[in-house]
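*Asks:* sequence below, structure please.
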Amino acid sequence: MAMNPIVRAQLKDFKSANPSEEGSDSEFFEVMSIFAVENGILGENINPFRAHLKGEEFGIDGIAISVQGILCVDEDEASSVLSVGKNHVGSFHMYQSKMSNKLDYGQVSKFLDAVYDFFTDLKLLKGPQIDDLVGARDQVFAAATRSNPDLKCYFCTTGSGEVSSEIDSLIQKNKERLKELNVFGSIDIICLGARSIQEAFRAATNSSSASIFFPKNITLPEHSSAEEAYIGYVTADQVLEMALGEPDSIGERHINRALFYDNVRDFNPNSDINKSILKEIECGDLSSFVFKNNGITVVAKSISRKGDTFKIDDYQIVNGCQTTNILAQARDSAGEISVPLRLIGSSDPDFVSKIIVGTNKQNEVREDQFWALLPFMKDLEIYCSGQDGDERILIERRDNQYRDVAIERTRIMKPSDLMKVAAAAFFFQPNRAARDHRGIRKEFSKKIFLRNHSVELYHMAALSLYKFDYLVRTSRVPRTFAINKFYVLYALVRQFWTMPNILEASGTQRSSVHRSVMSVIRDNSAYAAHIEKVSKHIEKLIGQSEARTREQLRDFIRTERFSENFTQTYFIN
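*Replies:* Numbers count the residues shown, from 1 in each chain. Sure, this is the predicted structure:
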């Protein structure tokens, strides 16, 4: 079968951008499809390799469970995200991809049976990866007090994606079957062909660009970190021109979540305030909007102006999530509504971060955003990205900072990832690293990312996490060992340094620990042996307990008592 030549070229680029990953063309197409849909169509920012199911699962090859847009592959990750904030919004995205010229009724039917099975009896889907995802699933449902999670099912093909009447009937029957479960806010079953995949892939790898008509503008005073800046107001249709993504397969444009700093999932259409604003618009009171609304702030890396038309590139809407979502629900009246706008052109990431924090003081600003402003984080980003070959790590200080196909998605690490690794490897809290998100932030936030800390140690910690995930993902070590991740990272450092104060140690002492740990990480066989040794010891301790199910095991090793027992019995030399 001859694959669509454009999809084949994109697949080649995707494989080249991820040289550390292994697999056949069909497996890479499965991951590329997830990447194209999540990061292109849906505007999310996830690592598609973590959503991909490695193996021969029945009828399905990708499951992306997200809470507030953060991918959760197990119970711990979901619990960690859910522990911060409130009114969480979850979503389930299911994937099946086939390198075929047309949709096959049997394959689509099998896919939809697998989707239904994941949310019901689990008679078809098996294995540790599914078990972990079920744990995340249950956490999402348990937290769905505000609204039910959405379900989107994507069947991707390299053919036309044309849906026959028989397959359409099959889709409608399965939508009804899923609706009868009464657990989803909305259900979409979508078939995507080569053209849709092409466009989604381009959207996932290209920076944002838009042209707006902004006649009512005033130039803001000069600033050393801003090339140019304007304030004024525009009609709401110009706001939507910036905020909506490319048309989907049926011609609809949706909010592009990748453009927003303040989480677009926090928008609640049922809140009294938003209902009242929409009611005023629907009743025809359009002229009042500009007087009552704070407007939006847009930061772009470049602005080019011709008259009153402004072309903006690589931009982000750093304030105005609620406003934009309300306007998206009132599109028919958008041309008659005026909205305050502040447009800033700056390529200085630290200045942009300060704008984000300053314009979101009334909202809950993520700890990550404050960390992004720290001088140490900038130094760490430069150091990690400057490492050679397999030791390169990309510290993502800003969402979608590396929106480029040439970047290996698996090497991207957020400050929140580093916080977890630090809790285990530096502060010797492996039992808390995976789940006690709020607790470790509160306890260690003033002890991490300090100016006098060693970038080499943080890079070492980040690389140890990347290599652990790599060895699991490529089956160098059993996937069942993944549950032991933070004990593995803890033991890696603890065997060379006995106190939780390595960050404050002398330069000579830090260098010695760094050299010893790196010698293990750099040798895949040695690191795999270390993972197995730690995991076997944990299995031995678990065997002396009453924990049997995967959920019981997970809870058991998260206890302080287990952590103390592990330390006392593992480090006996």
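*Asks:* so where's the stretch 251-400 of the chain shaky on pLDDT?
*Replies:* Along the stretch 251-400 of the chain, segments meeting pLDDT under 70 span 261-271, 360-370.
*Asks:* quick one: the helices in it, in order.
*Replies:* 272-282, 289-292, 321-328, 349-359, 367-372, 375-385 (DSSP state H, counting those that start in this stretch).
*Asks:* so which of the ones you listed gets nearest A229?
*Replies:* Within the helices of the stretch 251-400 of the chain, the stretch nearest A229 is helix 349-359; the backing value is 10.0 Å (CB to CB). Where you see a C-beta, it was placed from the backbone N, CA and C, and this is true even at glycine.
*Asks:* break down the stretch 401-550 of the chain into its helices, ranges please.
*Replies:* Using DSSP H, counting those that start in this stretch, helices in the stretch 401-550 of the chain cover 415-425, 430-433, 437-444, 455-473, 485-494, 507-521, 524-543, 550-557.
*Asks:* tell me which of the helices of the stretch 251-400 of the chain is the most buried.
*Replies:* Across those, averaging neighbours per residue (mean count of other CB atoms under 10 Å) puts helix 321-328 on top, at a mean of 22.
*Asks:* could you tell me the angle between it and helix 272-282?
*Replies:* Following axes from the mean of the first three to the mean of the last three CA atoms, to 10 degrees, one obtains 30 degrees for the angle between helix 321-328 and helix 272-282.
*Asks:* roughly how far is helix 321-328 from the heart of the chain?
*Replies:* Centroid separation between helix 321-328 and its chain, computed with CA atoms, centre = their mean, to the nearest Å, is 22 Å.
*Asks:* please save the CA atoms from it in CSV.
*Replies:* Only the C-alpha atoms of helix 321-328 are listed here, as CSV (Å, rounded to 0.1, in the frame of the first residue of the first chain):
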residue,chain,number,x,y,z
CYS,A,321,-9.3,33.4,29.0
GLN,A,322,-12.9,34.1,30.4
THR,A,323,-13.4,37.0,28.0
THR,A,324,-12.4,35.0,24.9
ASN,A,325,-14.5,32.0,25.8
ILE,A,326,-17.6,34.2,26.3
LEU,A,327,-17.0,35.9,23.0
ALA,A,328,-16.6,32.5,21.3
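*Asks:* quick one, what contacts the spatially closest residue to K420 that is not a sequence neighbour?
*Replies:* Spatial nearest neighbour of K420, excluding adjacent residues (CB to CB, 6 or more residues apart in numbering): A433 at 4.7 Å. Residues in contact with A433 (CB atoms under 8 Å, 6 or more residues apart in numbering) are 420-421, 423-424, 440, 486, 489.
*Asks:* same thing but at 10 Å, please
*Replies:* Contact analysis of A433 by CB atoms under 10 Å, 6 or more residues apart in numbering lists 76, 80, 419-425, 427, 440, 485-487, 489-490, 558.
*Asks:* same question for A51.
*Replies:* For A51, the contact set (CB under 10 Å, 6+ apart) comprises 30-31, 34-35, 38, 44, 61-66, 71, 73, 93-95, 133.
*Asks:* in helices, which of the residues you listed fall?
*Replies:* 30-31, 34-35, 133 (DSSP state H).
*Asks:* biggest separation within the residues you listed, which pair?
*Replies:* F35 and L133 (18.4 Å).
*Asks:* more crowded one of these two?
*Replies:* F35 (27 against 24; other CB atoms under 10 Å).
*Asks:* could you confirm D121 falls within a helix?
*Replies:* No. Using DSSP: H, G, I helix; E, B strand; the rest coil, the assignment for D121 is coil, not a helix.
*Asks:* can you count the residues close to it?
*Replies:* Neighbour number of D121 under other CB under 10 Å is 9.
*Asks:* please apply the same query to R548.
*Replies:* As a burial measure, R548 scores 10 neighbours (other CB under 10 Å).
*Asks:* kindly report the same for D523.
*Replies:* Residues lying near D523 (other CB under 10 Å) number 13.
*Asks:* shouldn't it be in contact with A529?
*Replies:* Yes. Contact criterion CB atoms under 10 Å: D523 and A529 qualify, at 8.9 Å.
*Asks:* not counting sequence-adjacent ones, nearest residue to F351?
*Replies:* Take F351 and drop its neighbours on the chain: the residue closest to it by CB to CB, 6+ apart is S225, 3.7 Å away.
*Asks:* kindly provide the distance from the one you found to Q96.
*Replies:* Separation of S225 from Q96 (CB to CB, to the nearest Å) stands at 47 Å.
*Asks:* if we can go back for a sec, show me the one of the helices of the stretch 251-400 of the chain that comes nearest T157.
*Replies:* helix 321-328 (30.1 Å).
*Asks:* for my notes, confirm I46 occurs in a helix.
*Replies:* No. I46: not assigned to a helix; according to three-state DSSP it is coil.
*Asks:* next up, the contacts around it.
*Replies:* Counting by CB under 10 Å, 6+ apart, I46 touches 34-35, 38-39, 64, 66, 69-71, 93, 409, 412.
*Asks:* buried residues in the helix or strand encompassing G106, which are they?
*Replies:* Using DSSP states H and E, G106 sits in helix 105-118. Buried residues in helix 105-118, counted by 16 or more other CB atoms under 10 Å: 107-118.
*Asks:* so which elements touch that helix?
*Replies:* For helix 105-118, the contact count by 3 or more CB pairs under 10 Å, 6 or more residues apart in numbering; DSSP states H and E identifies strand 62-67, strand 90-98, helix 128-142, strand 150-157, helix 165-179, strand 187-192 as packing neighbours.
*Asks:* would TSV of the ones you listed with mean pLDDT and distance to L278 be doable?
*Replies:* Below are these laid out as TSV (pLDDT from 0 to 100; distance: least, CB to CB, whole Å):
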stretch	mean pLDDT	distance to L278
strand 62-67	95	26
strand 90-98	96	23
helix 128-142	93	28
strand 150-157	96	21
helix 165-179	97	26
strand 187-192	95	23
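*Asks:* closest to R515 out of those?
*Replies:* helix 128-142 (34.2 Å).
*Asks:* what sits against the nearest residue to E228 once chain neighbours are set aside?
*Replies:* Leaving aside its chain neighbours, E228 sits nearest to G345 (4.6 Å; criterion: CB to CB, 6+ apart). For G345, the contacting residues are 226-230, 298-305, 310, 312-313, 315, by CB under 10 Å, 6+ apart.
*Asks:* so what's G345 bridging to?
*Replies:* E228, A300 (DSSP bridges).
*Asks:* picking that back up, export the helices of the stretch 251-400 of the chain to JSON lines and tack on distance to I212?
*Replies:* Listed next are those as JSON lines, based on distance: least, CB to CB, whole Å:
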{"stretch": "helix 272-282", "distance to I212": "21"}
{"stretch": "helix 289-292", "distance to I212": "16"}
{"stretch": "helix 321-328", "distance to I212": "13"}
{"stretch": "helix 349-359", "distance to I212": "19"}
{"stretch": "helix 367-372", "distance to I212": "26"}
{"stretch": "helix 375-385", "distance to I212": "31"}
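*Asks:* these: which one's closest to S186?
*Replies:* It's helix 321-328; of the helices of the stretch 251-400 of the chain, that one is closest to S186 (CB to CB) at 15.6 Å.
*Asks:* any chance of the helices and strands packed on helix 105-118 in CSV, with distance to I337 too?
*Replies:* What follows is the helices and strands packed on helix 105-118, written out as CSV (distance: least, CB to CB, whole Å):
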stretch, distance to I337
strand 62-67, 31
strand 90-98, 29
helix 128-142, 35
strand 150-157, 28
helix 165-179, 35
strand 187-192, 29
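*Asks:* of those, which is nearest L457?
*Replies:* It's helix 128-142; of those, that one is closest to L457 (CB to CB) at 29.4 Å.
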